[in-house]
Structure formats: C-alpha cells, structure tokens
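*Asks:* Kindly generate the corresponding structure for this input.
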Amino acid sequence: MYGLIMAGGYGARFWPLSREIMPKQMLRIAGKNTMIQNTVQRIMPLIPLNHLYIATNEKHAKIIDTQLKEINCAENNINFIIEPMGKNTTPAIAVAAIYINEIDPESTMVVMPADHIIQKKTKFLKLLKQAEKLANQGYLVTFGIKPSRPETGYGYIKAGKKIYEGFKVDKFTEKPDLKTAQRYLKSSNYFWNGGIFVWQTKAILQEIKKYLPFLYEKLNILKNSPNRLEALKTFYTEVESISIDYGVMERTDRAAVIPADIKWNDVGSWSALDEVIKKDSKGNIITGNVIDINSQNSIIYGGSNLVASIGLKDIVVVSTDDVILICPKNKSQDVKTMVNKLKERKKEEYL
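*Replies:* Prediction:
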C-alpha cells in the first residue's frame, strides 16, 4: 500500500497563528507534535516511509522536511511532490497515481489530508485495511463520518446498497443549507465526507481518463521525464484546478463509502478546538502567556505579549507578535474572510 498526504493550504483558518508561510498542518494545535507529524506517525504502521508521498509547495516542503526530521523520518525516505501552484486536489492525486503506478501497476493508495485529527488510531488503521479489500474489487472508497451536528460547511455522502466492507454511494451533496443538514443528521445513511480515500492507482487513473480526459492526457508530460520538477511546472500550468470530489467522485459509479467511527475532526476553525482539546472547569481553552479571571467557554491563546482577560464568554482571543484576533466563537469561520480582506488591502500580516 502507498500513501499520499495532501499538505497544501494558505494558513487562513487558524490565522493569525497560521499564515501563508506556516499553514495549519505545521502547527502544534492539539499536542506536542505538529499536525503533519501526527499524520505521518499515524500511517507509519501500515505504509512504509518510502511508499509515502507528500504533495506541497517548495517553501512548505522545506519546513515539513525539518519537522519530519524531528520525529526521525529521514529526508530521503519520504517522496515529495512539489506543486508549483495550487490547483486543488485532482492534479496532485493524478500525479501521485502516475508515479506509484509506474512502480507497481497493482498498487493501492490512500489519500489523506495533512491537517485532520483522528483520535482512534488503531481503528483507523483497521478500517484502511478493510478499505483496501474493497478497493481491490475496483471501488473508489471514501470514509464517511457520522454527523454529530447539522454542519453546513461539509460535504455529505448518502450510503446506498451494502457491498463487502461498506456501501455503494448513492450521491454526494456539497455543503447543504441548515434545514437539509438537520434532515441528514436524523437519517442513518448520511455521512460527512472526511476527505480520506482508498483506491487502486489504476482504478483512479481509469476514472480520471473517463471524466477528465484533458487532465489525463496531460499526464503524459510526466512520463519518462528527465526533469521531474520542470515536468510538474508544465503539467500544473496546463491543467485546470478541480477537486477530486467534483471531478471524479460525484460522477463515478464506482464510489463506495465505509462508515468510520474514528473520532475525526478537520479542525476547520478556532471553535473546533472545543472538540479536540481538554477544557478547564469553566469550559475554557487557555494556553500561553495568559492571566484570566472568570471567563467562560472561551479560547485564549497568548504569545510573547501577556493577554489579560476578564469575564469573557464564548470569545476567541489569539495574540501573536504582530496581530491580535478577537471574535465570538460562533464567528470563527469568518477568519478566512478576514484573511482575504488582508490580501485585498495588501497587508503583510496574512503572510
């Protein structure tokens, strides 16, 4: 089995702690290790390091390489796919599939984000082995997370007929409205799309050829190229930006879902920390240089400057050397909008 870790991103969701040069997967959000370190260590019992690929850009690759050395992952063991520009998930998946397929035409690959939290690690590995069996029947397998709330920011999967270790996918739904999400929450056959996939490399390449023939044709640029970096630049310049969900999974008749009770969280905003970090007796998450009096259900992150807080309720405060973020917890999703506004105004703090 081979693996592809998607490690792109622009550092918007956990700004100002995360920045364009230091996105979420490189942060120590939920423990002593960074998220990319946790992702690699989680998969190591199943996938050898020399079977692992990380898709990222050149600047991030250097930081990731340094972080992986911290956990004794030698730099010459893990393969990097250096993306010259962001083009969503399909190009990176196609590139990894071509590289892996050249090594082993009968190979199976796991695709996973670098910045998700999975607390049930043993169960996760067990489910990956089940997914491999289903993938070997020709299915494109995704993990379905049972909804715990009517989330409108996630894609949903409707499970259909039972097959082997999982279910055929009836349909995908992208980010429904609140009323629809509430209906999905009550149903037993709707799942969040966790963004984790397992398939044979030849199967995903067949489906890319079927549904994205132009992108598939451009993969010829990479075959037998003497200069892989230059070939990647040409490939990425010529292909469209498209997600694997929209480009393939929502169109194929080979999609399958395995329900995954793995305590998954994509940690998509500051408020998501409530689900993954232990809180104090008043429901607060307080870390760093902070002195607090009587705050409740708040997230307070102190940097080099002291944060003195009194009587906050349901508030996020993040202090760094150059920025202070203050917002209600229920508005923490709007941090990404703030980062876009900084870019529009040419403020360097987003970098």
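*Asks:* what's next to stretch 45-65, contact-wise?
*Replies:* 1-8, 21-23, 25-26, 36, 40, 43, 73-75, 77-86, 92, 95-96, 99-100, 110, 114, 125, 128-129 (C-beta atoms under 8 Å, 6 or more residues apart in numbering). Placement of C-beta: from N, CA and C, glycine included.
*Asks:* Endpoints of it, how far apart?
*Replies:* End-to-end distance for stretch 45-65, by C-alpha to C-alpha, to the nearest Å: 20 Å.
*Asks:* got the buried residues for that stretch?
*Replies:* 46-47, 49, 51-57, 60-61, 63-65 (16 or more other C-beta atoms under 10 Å).
*Asks:* just the residues you listed now: which is nearest residue 305?
*Replies:* residue 63 (24.6 Å; C-beta to C-beta).
*Asks:* hang on, that closest one is in a helix, isn't it?
*Replies:* Yes - assessed by DSSP: H, G, I helix; E, B strand; the rest coil, residue 63 belongs to a helix.
*Asks:* all strands for the stretch 101-250 of the chain, in order.
*Replies:* Using DSSP state E, counting those that start in this stretch, the strands of the stretch 101-250 of the chain run over 108-113, 117-118, 140-145, 156-163, 166-173, 190-200.
*Asks:* Please identify the most buried of the ones you listed.
*Replies:* Burial of the strands of the stretch 101-250 of the chain is given as mean neighbour count (mean count of other C-beta atoms under 10 Å); strand 140-145 ranks first at a mean of 26.
*Asks:* Check which helices and strands it sits against.
*Replies:* Counting contacts by 3 or more C-beta pairs under 8 Å, 6 or more residues apart in numbering; DSSP states H and E, strand 140-145 is packed against helix 121-135, strand 156-163, strand 190-200, helix 201-211, strand 255-259.
*Asks:* mind giving me TSV with the ones you listed and columns for mean pLDDT and distance to residue 351?
*Replies:* Output for these, formatted as TSV (pLDDT from 0 to 100; distance: least, C-beta to C-beta, whole Å):
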stretch	mean pLDDT	distance to residue 351
helix 121-135	96	34
strand 156-163	94	34
strand 190-200	95	26
helix 201-211	98	34
strand 255-259	97	38
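*Asks:* I figured residue 119 hits residue 260, correct?
*Replies:* No - using C-beta atoms under 8 Å, residue 119 makes no contact with residue 260, being 11.9 Å away.
*Asks:* of the two, who's got more company?
*Replies:* Using other C-beta atoms under 10 Å as the criterion, residue 119 and residue 260 rank with residue 260 on top: 25 against 13.
*Asks:* Now, the buried residues of stretch 45-65 that are in strands?
*Replies:* 52-56 (DSSP state E).
*Asks:* Redo those residues as TSV? Include distance to residue 313 and pLDDT.
*Replies:* Shown next, in TSV, are those (distance: C-beta to C-beta, whole Å; pLDDT from 0 to 100):
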residue	distance to residue 313	pLDDT
52	44	96
53	45	96
54	41	96
55	41	96
56	39	95
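*Asks:* Would you mind identifying the next helix or strand past the helix or strand hosting residue 68?
*Replies:* Taking DSSP states H and E as the definition, residue 68 sits inside helix 58-70. The helix or strand immediately downstream of helix 58-70 is strand 79-82, counting by DSSP H and E.
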